[in-house]
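Pasted the sequence and its predicted model underneath.
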Amino acid sequence: MKRMTKEELIKYFMEQLENNNVFGQAMTTDRIREKLNKYIARVTFEPESFGQGSYQLFRVEENDRVWGNLNLDLDKLNKVDEDSQNMLVNHENTHVIGLSVKIVGDKLYYKNGFQLSVYVYDSKTETYVLESMFNTGASEGMTHILAMNIAKKEKISGYENEQDTSRLLSIILGQDELIKIYCDEEIEKYFQINAYDIFKDLAISKYGKEVGNKINEDIRKILALSDELVILNQNEELDTDGLKLHREIRKELHETFLGKLKTIIDREPDMIKKIDIMKKCIPTSIKEEITKKVLGELANDDSINFSRKLEILKQIRAEKKSYIPQSIIENILFSKSGLEELSVEEQLENYLYLMQGNNWGWNDKAYELCVASGRISEELFSKKQLFTLSMPYKVPLVDDLDEILKNSKYFKVGNYYGVSGKTDDFLADIQREKTIFGGTLDFNPFENDFIESTRDRQILPGTQIDVLCYQFKELVKKSEQEGKKYSSKITVFDNLIRMKYTIDGQELEEYYTVGANGMLQKEPIRRRT
């Protein structure tokens, strides 16, 4: 990032606001430009002790002449990517948009978004000294969200806890209404009430007096806890007690928000509106709990037919970073109605699509559907373990799954099966329906015909350790005569031992079983497509 004058910085920011309705009806573009010119007296490029930049209001005169300084630490900024640089500029400018000040006697009342601060004039130093400050956490979170929206970015790291607080407050109270309060320049009313009651009137207008007051009590608690987190987050070296307190505050915030959102959802009779609330929770810390609650209700709602439920699940899956519990997917998709309305092929296709992002526990059901659809034959034996070995970590869509199955090849060594290219660390024992994880031994201990490591002795089967060591040593010696070069490691799968070697630049494998007398017996590899 290069140095910019005040005029260049404001122009840079305003260009991003063009055709960008971030502030909606809360503030016009002309007023935003006017405020930036009024409150930014200069732009500096000095080192920052905390963060990459800051805005500081350092002088206010009786005639409302304001002097403020926006500082950018170029050394720090030039170590991050362009999006992060842009984000910092947007963040500090957004602070200025939410800024309003008023002097009454020796006190300066300072509203920055949701943050409410009071400064008292010190005649000795001729400066204003901070007396109180509230709602910093919620204000920083909203500032970061607005700055990301201005940049048209979905996610830029920073103020994670504060963002979570502001997003959840937006769900409870409405984002447009919160932005109006953020930009509100009539600040007198906010300093005539408890600072943590900043959203009380909004809560009452939205939910009525009785419920609104109850919601406001929780919001007061949330704002106070969020402020405590801000203080702790500014300490980069928290001790054990500090870290414990940090965890406890985050847990209490999480539980308070979760309880409040569950209550709001319970008050809503319309399932589609419940789902709309759930979707808004996707970027927040409570998305999993709220999703389980709402979709659990959907699965059990007999007034909604199967086709509509499936349509809703697909719409949710299309949302970025959405989450659908596997139990909900299977409950709806394989319900009596689902089994009646969908063919096996349609079941598999929908299952794999809905399971995108759920990278655990999908193999068994997908295997059943592959067998039912004729993709896999169990005529000779169950290939479930081979299927598991063949599949990637991420759930494939049906076309990708078909391509994987088409190109998968397996081989058999004794009672063990492996999938070509997928058996670096494990094989499947089909008879026991079990995946065998290998223990790895190094050649170095075998030079003196014994194994010192207790772990290595436990990995090797049987009791004839010295006999095995001698055989390994002889294999290595013989390999030199045959032009083979063994790798330095052996992998043990139960009573099956794999040794890798190269010959003429080609990497190959040999497998041995261990008899009761400790003697190695080479096992042939039978390959199948």
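All right, it came through fine.

all strands for the stretch 201-350 of the chain, in order.
In the stretch 201-350 of the chain, no strands are defined using DSSP state E, counting those that start in this stretch.

Which residue ranges of it form helices?
For the stretch 201-350 of the chain, the helices defined by DSSP state H, counting those that start in this stretch cover 209-233, 240-267, 271-280, 287-299, 306-318, 326-333, 336-341, 344-354.

before we move on, what about the stretch 351-500 of the chain?
363-372, 384-390, 398-407, 454-459, 465-482.

And the stretch 51-200 of the chain, by the same measure?
74-77, 82-97, 136-151, 160-173, 175-183, 200-207.

among the helices of the stretch 351-500 of the chain, which is nearest Glu330?
helix 363-372 (6.7 Å; Cβ to Cβ). Where C-beta positions appear, they are placed from N, C-alpha and C, glycine not excepted.

before we move on, the earlier item: now the helices of the stretch 351-500 of the chain in CSV, with mean neighbour count?
Shown next, in CSV, are the helices of the stretch 351-500 of the chain (neighbours: other Cβ atoms under 10 Å):
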stretch, mean neighbour count
helix 363-372, 18
helix 384-390, 21
helix 398-407, 14
helix 454-459, 12
helix 465-482, 15
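
Which one of these has the poorest average confidence?
Within the helices of the stretch 351-500 of the chain, confidence is poorest for helix 454-459, with a mean of 70 (mean pLDDT).

How much space separates the residue positioned nearest the centre of the chain from Thr513?
Against the mean C-alpha coordinate of the chain, by Cα atoms, centre = their mean, the closest residue is Lys321 at 8.1 Å. Lys321 sits 49 Å away from Thr513, going by Cβ to Cβ, to the nearest Å.

before we move on, the earlier item: out of the helices of the stretch 51-200 of the chain, flag the one nearest Glu379.
Across those, Glu379 has its closest neighbour in helix 160-173 (53.4 Å, Cβ to Cβ).

contacts for the closest one?
Contacts of helix 160-173 with the rest of the structure, by Cβ atoms under 8 Å, 6 or more residues apart in numbering, involve 137-138, 140-142, 144-145, 178, 199, 202-203, 206, 215, 219, 222, 226, 229-230, 233, 250, 253, 257, 260-261, 264, 277, 280-281, 283-286.

out of those residues, which are buried?
137-138, 140-142, 144-145, 178, 199, 202-203, 215, 219, 222, 226, 229-230, 233, 250, 253, 257, 260-261, 264, 277, 280-281, 283-286 (16 or more other Cβ atoms under 10 Å).

My read is that Asn359 contacts Pro392, right?
No. Using Cβ atoms under 8 Å, Asn359 and Pro392 do not qualify as a contacting pair, with a distance of 9.1 Å.

quick one: Glu507 is in a helix?
No. Read with DSSP: H, G, I helix; E, B strand; the rest coil, Glu507 is strand and lies in no helix.

excluding its backbone neighbours, what's nearest it?
Nearest non-adjacent residue to Glu507, counting by Cβ to Cβ, 6 or more residues apart in numbering: Lys500, 6.4 Å away.

On the strand side of things, show who the one you found bridges to.
In this entry, Lys500 is beta-bridged to Glu509, by DSSP bridges.

Which element, helix or strand, includes Ile32?
Ile32 belongs to helix 29-39 when elements are defined using DSSP states H and E.

so what secondary structure elements neighbour the helix or strand just after that helix?
Using DSSP H and E, the helix or strand that follows helix 29-39 in sequence is strand 42-44. Taking 3 or more Cβ pairs under 8 Å, 6 or more residues apart in numbering; DSSP states H and E as contact, the helices and strands that strand 42-44 lies on are helix 6-17, strand 66-72.

any weak-confidence spans in the stretch 251-400 of the chain?
Within the stretch 251-400 of the chain, no stretch has pLDDT under 70.

how does it look with 90?
Scanning the stretch 251-400 of the chain with the threshold set as pLDDT under 90 gives 319-323, 357-363, 379-381, 389, 392-393.

How confident was the prediction at Asp442?
For Asp442, the model assigns a pLDDT of 73.

That one touches Ser488, doesn't it?
Yes. Between Asp442 and Ser488 there is a contact under Cβ under 8 Å: 5.9 Å.

Let me see the contact set for the residue nearest to the centre of the chain.
Applying Cβ under 8 Å, 6+ apart, one finds that Lys321 lies in contact with Ile282, Pro283.

Would you convert the helices of the stretch 201-350 of the chain into TSV that also reports distance to Gln506?
Below are the helices of the stretch 201-350 of the chain laid out as TSV (distance: least, Cβ to Cβ, whole Å):
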stretch	distance to Gln506
helix 209-233	56
helix 240-267	54
helix 271-280	54
helix 287-299	49
helix 306-318	45
helix 326-333	43
helix 336-341	50
helix 344-354	37
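
Quick one: closest of the helices of the stretch 51-200 of the chain to Asn495.
Minimum separation from Asn495 across those (Cβ to Cβ) falls at helix 160-173, 50.2 Å.

Just want the angle from that closest one to helix 287-299.
Angle between the axes of helix 160-173 and helix 287-299 is 30 degrees (criterion: axes from the mean of the first three to the mean of the last three Cα atoms, to 10 degrees).

Now helix 160-173: buried residues?
For helix 160-173, the neighbour count (16+ other Cβ under 10 Å) marks 161-173 as buried.

Same question for Glu46, what's its three-state structure.
In three-state terms, and counting by three-state DSSP, Glu46 is coil.

Quick check: pLDDT value at the nearest residue to it once chain neighbours are set aside.
Counting by Cβ to Cβ, 6+ apart, the nearest residue to Glu46 once its immediate chain neighbours are dropped is Asn71, at 5.5 Å. The score at Asn71 is 86. That number is its pLDDT.

for Gln464, same thing?
Gln464 is assigned a predicted lDDT (pLDDT) of 67.

hmm, back to that, report all helices and strands that the helix holding Ile32 contacts.
For helix 29-39, the elements it packs on are helix 6-17, strand 66-72, helix 82-97, judged by 3+ Cβ pairs under 8 Å, 6+ apart.
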